[in-house]
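Undergrad: sequence plus predicted model, see below.
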Amino acid sequence: MTEETPVTLTLSEYVKAPVADTWADQCRREATAIVDRRIGTRAESVPLEVRSRAILEVGAELYYRRDTLAGNAQMNDDGTAQPRRVRNPERIAADILDAFLNPGIY
């Protein structure tokens, strides 16, 4: 069995942000802080690929929140509102990381 090199995306690529989107950069920094706070001193327990995925997922949630109306809808191109569930970024990080941070529980 050969080991595959994981495909890595930037948050801007993941959310299909315009080039040089400062909002995507800010969301990436915030997502990194949230994920790293969740990991704490147990960084050796979390594979880099998993940490990167958590940052992408948390960052995407933060990025798309800007498009929501009252926290539960976003506008379609035709001007109609589309319901969108807003998730807690801390919960997203926990869902991805906790199996590595608390392996006896899972």
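TA: Yes, it's here. All values reported here derive from a predicted model rather than from experimental measurement.
Undergrad: quick one: the host helix or strand of Asp98 to chain centroid distance?
TA: Per DSSP states H and E, Asp98 falls inside helix 89-101. Taking the mean of its C-alpha atoms, helix 89-101 sits 11 Å from the chain's own mean (C-alpha atoms, centre = their mean, to the nearest Å).
Undergrad: what does that helix rub up against?
TA: With contacts defined as C-beta atoms under 8 Å, 6 or more residues apart in numbering, helix 89-101 is touched by 30-31, 34-35, 38-39, 42, 45-47, 50-51, 53-54, 57-58, 61-62, 105-106. From N, CA and C alone the C-beta is placed, and that goes for glycine too.
Undergrad: so where's this protein shaky on pLDDT?
TA: For the chain, the stretches with pLDDT under 70 are 1-7, 68-76, 81-85, 106.
Undergrad: now the helices for it?
TA: Applying DSSP state H to the chain gives helices spanning 11-14, 22-39, 48-65, 89-101.
Undergrad: of these, which is nearest Asp78?
TA: Proximity to Asp78 (C-beta to C-beta) singles out helix 48-65 among the helices of the chain, at 18.6 Å.
Undergrad: ok so, going back, need the buried ones from the contacts of helix 89-101 selected in ChimeraX.
TA: The buried residues among the contacts of helix 89-101 can be selected in ChimeraX (16 or more other C-beta atoms under 10 Å) with this line:
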select :30,31,34,35,38,39,46,50,51,53,54,57,58,61,62
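Undergrad: which one of the helices of the chain is the most hemmed in?
TA: helix 48-65 (a mean of 20; mean count of other C-beta atoms under 10 Å).
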